[in-house]
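Participant: Generate a structure from the sequence data that follows.
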Amino acid sequence: MVKFVVSLTVTEDLDGAYNYEELIKDLRNRLRVPGQDVLGVPVLPADGLNMDFFDVVLTYTDDSTVNHTIHVRLRTDNLYLVGYRPDNSDTWFEVGNEGTGTVLINEPRRRTEVLPFGANYRGLQNYADQAMRDLPLNFYQIANAIQTLAENTATAKNKARAVLTLIVILAEATRFTRISDFVSGYWLSDQAEKLGINYEALLRVWSLLSSAIQRAQNAGQVFTFQNDTGIIGDDNIEEAIGVLGIMHLACSSGPGSGPGPSGSRRPRRSAAPVYVQGQPLLEIFYVLLGNNISSQESGQLKLYGTISVTDGIGASDIWNHDKTKSIDIKPGEYISLEGPNRPLHAADTLYIDVDLQNSNTSHSIAKGTIPFNPFDYYSLTEYHVATTRRISGDYGSVTVSYMAMADGLFAQIAVVIITGDGDETEVYGDIDANNGHGQSRLFLRPREDYVEVKTRASIPLLRSIVAVPTEDTLTVNVNIKDWNLILSDTQIAWGSAQFQPLYMRSESKRIKGAGGEVEVQVTWL
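Facilitator: Numbers count the residues shown, from 1 in each chain. Next comes the predicted model:
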């Protein structure tokens, strides 16, 4: 349902810049939920099954006094740009979604055509051949974007550039005061000003920043926000508030709180919002090498390359081996992930990137990207649903299992040897963590590859951070032994320990075996 329609005539004068500023202020006021401001910043309505939209009608008159008008449609709950329609056309052009191809715009006597590009920034920038940081902005660039889409004769590449411009001047400018100030400030500049690397970084963290501020309103919680924007200081809530024009709402946690027909966030039922205790996070359970490796490859497979996640904060390696450190692996085996070394954030768009090769043949085993845009209604990824996706290469494939969660805490895990074989124990076996939806490997050593661990020291884990939904339980499973050269190996610890996610709480539990004991230490953040 279209809740309202606003209009702006774009003109090359001070009135044009002023009218643009007033439009953005009007949008924030129309979209805000009355009485729900957080620290003076308005908040959008909750994501819901019954999506609402609003239209912005943009008009530009060229030097030949020809009017160029487009209708731009955006969502009221997250400012996602859905599509546009030239004024003289009965066709809506909707940005492509990741999932079924089903369209959101359905109007009587009008058709909807899906564009060959979507609205996640990486894909859109690649299609437009236009880096966000280099996006030029002034009156001329905005007018050109309107004319390009209104005439509907340009290449798809130029249309993608125009859509990128509209997303910044409408959606991002409404989200951030710094962006609306930037656009209006350079409105009359003869030389278009590039958006720049700092603002590019800012655009990646709108929902994460909103979540961090709202989360800090809960009793006992503090504002934490590490970032590389160069605009907001780490953990500086005053500077964070200063850049926001309107917030995305992060509330009502639990299963069914994600995008998509079966995973939209539950609408608020109370007068005051109940902010989530956690934050949107990503957990990668495993990466499994496919069984479709050609016989030429599988007989001499030494794997190297990278598996990484790029979220709003930046890139984080999950597995990274150069050619000199390739590993022996067989089809159907799991790759022992060695990260992340920090939480992976799922509030804004993220990308899981895989690039794996066989060092013996230099052939590609798997290469590709899994994107997750929380604002894409038909995303193939939903919050609180374990997902598996396949990524192929020329000579093989991998399967990635992961889960995004709207309300999670991350556990920092350590496993300490309490008693073992004297002062130093030769440890092998496996340790894994289960967050209620999937299992993540923390430690795996065969008998011939034991590791020496001193008593009261931590076992060196492959990874020590696990994301867990606040409504679920973390289970750490331990099955480790002590290697002995002459005597039989002894069981150091065998069993499980469970932990409930509680913000800023630390807890330890012990697991025993016939010949030792370990302490599992968990701190929730």
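Participant: Show me what the longest helix belonging to the chain packs onto, helices and strands only.
Facilitator: Of all segments of type helix in the chain, defined using DSSP state H, the longest is helix 14-31. Where contact means 3 or more CB pairs under 8 Å, 6 or more residues apart in numbering; DSSP states H and E, helix 14-31 is packed against strand 2-10, strand 53-61, helix 173-175, helix 177-185. Just so you know, the C-beta spots here come from the backbone N, C-alpha and C atoms, and that holds for glycine as well.
Participant: what's across from the closest residue to Arg30 other than its chain neighbours in the sheet?
Facilitator: Spatially, and ignoring its direct neighbours in sequence, Arg30 is nearest to Phe4 (6.0 Å; CB to CB, 6 or more residues apart in numbering). With DSSP bridges as the criterion, Phe4 is bridged to Phe54.
Participant: tell me the contacts of Trp92?
Facilitator: Arg73, Gly83, Tyr84, Arg85, Ile105, Glu107, Arg110, Arg111, Thr112, Glu113 (CB atoms under 8 Å, 6 or more residues apart in numbering).
Participant: same check, this time on Val41
Facilitator: Ile213, Ile241, Leu244, Gly245, Ile246, Met247.
Participant: Which members of those residues are positioned in helices?
Facilitator: Under the assignment DSSP H, the contacts of Val41 contribute Ile213, Ile241 to helices.
Participant: With pLDDT and distance to Ser64 as new columns, can the contacts of Val41 be given to me in a markdown table?
Facilitator: Putting the contacts of Val41 into a markdown table (pLDDT from 0 to 100; distance: CB to CB, whole Å) gives the following:
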| residue | pLDDT | distance to Ser64 |
| --- | --- | --- |
| Ile213 | 97 | 48 |
| Ile241 | 98 | 46 |
| Leu244 | 99 | 41 |
| Gly245 | 99 | 35 |
| Ile246 | 99 | 38 |
| Met247 | 98 | 43 |
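Participant: returning to that earlier point: for the helices and strands packed on helix 14-31, which one sits closest to Ala143?
Facilitator: Closest to Ala143 of the helices and strands packed on helix 14-31, according to CB to CB: strand 53-61, at 4.4 Å.
Participant: Give the other helices and strands that whichever helix or strand comes after the closest one contacts.
Facilitator: On the C-terminal side of strand 53-61, the closest following helix or strand by DSSP states H and E is strand 67-75. Counting by 3+ CB pairs under 8 Å, 6+ apart, the packing neighbours recorded for strand 67-75 are strand 53-61, strand 81-86, helix 139-151.
Participant: Direction included, what does strand 67-75 pair against?
Facilitator: strand 53-61 (antiparallel), strand 81-86 (antiparallel).
Participant: Go through the longest one and flag the buried ones.
Facilitator: Under the neighbour-count criterion of 16 or more other CB atoms under 10 Å, strand 53-61 has Phe53, Phe54, Asp55, Val56, Leu58, Thr59, Tyr60, Thr61 buried.
Participant: which residues are in contact with that strand?
Facilitator: Outside strand 53-61, the residues touching it (CB under 8 Å, 6+ apart) are 1-11, 23, 27, 30-31, 67-76, 82, 87, 142-143, 146-147, 150, 166, 170.
Participant: Mind giving me the PyMOL command for buried ones among these?
Facilitator: Here is the PyMOL command that selects the buried residues among the contacts of strand 53-61 (16+ other CB under 10 Å):
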select buried, resi 8+10+11+23+27+31+68+69+70+71+72+73+74+75+76+82+142+143+146+147+150+166+170
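Participant: the helices in the chain, which residues?
Facilitator: Using DSSP H, helices in the chain cover 14-31, 121-128, 139-151, 156-166, 173-175, 177-185, 197-203, 206-215, 237-243, 295-298.
Participant: now the ones you listed in a markdown table, with distance to Ser440?
Facilitator: As requested, the helices of the chain are arranged in a markdown table below (distance: least, CB to CB, whole Å):
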| stretch | distance to Ser440 |
| --- | --- |
| helix 14-31 | 39 |
| helix 121-128 | 26 |
| helix 139-151 | 44 |
| helix 156-166 | 36 |
| helix 173-175 | 33 |
| helix 177-185 | 37 |
| helix 197-203 | 29 |
| helix 206-215 | 22 |
| helix 237-243 | 31 |
| helix 295-298 | 26 |
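Participant: Ala347: which of the ones you listed is closest?
Facilitator: Ranking the helices of the chain by proximity to Ala347 (CB to CB) places helix 206-215 first, at 3.9 Å.
Participant: my guess is Gln226 contacts Asn236, does it?
Facilitator: No - using CB atoms under 8 Å, Gln226 makes no contact with Asn236, being 10.8 Å away.
Participant: which stretches of the chain have low pLDDT?
Facilitator: Confidence mapping of the chain against pLDDT under 70 gives the ranges 48-49, 99-101, 251-273, 298-299.
Participant: wait, which of the helices and strands packed on strand 67-75 is closest to Ile418?
Facilitator: Proximity to Ile418 (CB to CB) singles out strand 81-86 among the helices and strands packed on strand 67-75, at 56.0 Å.
Participant: if we can go back for a sec, mind putting the strands paired with strand 67-75 into JSON lines with distance to Val354?
Facilitator: Shown next, in JSON lines, are these (distance: least, CB to CB, whole Å):
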{"stretch": "strand 53-61", "distance to Val354": "35"}
{"stretch": "strand 81-86", "distance to Val354": "29"}
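Participant: So which of these is nearest Arg122?
Facilitator: Across the strands paired with strand 67-75, closest to Arg122 is strand 81-86 (CB to CB), at 15.7 Å.
Participant: pretty sure His345 is touching Glu283, no?
Facilitator: No - the pair His345 and Glu283 does not pass the contact test of CB under 8 Å, sitting 11.7 Å apart.
Participant: In the chain, where's the longest strand?
Facilitator: Longest strand in the chain, counting residues (DSSP state E): strand 396-419.
Participant: hmm, back to that, could you export the helices and strands packed on strand 67-75 as CSV, including distance to Gly332?
Facilitator: Formatted as CSV, the helices and strands packed on strand 67-75 follow (distance: least, CB to CB, whole Å):
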stretch, distance to Gly332
strand 53-61, 47
strand 81-86, 42
helix 139-151, 49
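Participant: Go through the ones you listed and name the closest to Tyr275.
Facilitator: Taking CB to CB, strand 53-61 is the member of the helices and strands packed on strand 67-75 nearest to Tyr275, at 25.2 Å.
Participant: What residues sit buried inside stretch 337-349?
Facilitator: Neighbour-count burial for stretch 337-349, with 16+ other CB under 10 Å as criterion, is recorded at Leu337, Gly339, Pro340, Pro343, Leu344, His345, Ala346, Ala347, Asp348, Thr349.
Participant: Out of the contacts of Trp92, flag the one nearest to Lys454.
Facilitator: For the contacts of Trp92, the residue nearest Lys454 by CB to CB is Gly83; the value is 61.6 Å.
Participant: where's Asn218 relative to Thr112, distance?
Facilitator: Distance check for Asn218 against Thr112: by CB to CB, to the nearest Å, it reads 41 Å.
Participant: and what of Leu104?
Facilitator: From Leu104 to Thr112 the distance is 8 Å (CB to CB).
Participant: what is in contact with these two at once?
Facilitator: By CB under 8 Å, 6+ apart, Leu104 and Thr112 have these common neighbours: Gly83, Glu94.
Participant: How about the contacts made by Ile179?
Facilitator: Val168, Glu172, Ala173, Tyr199, Leu202, Leu203, Gly245.
Participant: What's the separation between it and Ser392?
Facilitator: From Ile179 to Ser392 the distance is 38 Å (CB to CB).
Participant: Right, I'll leave it there.
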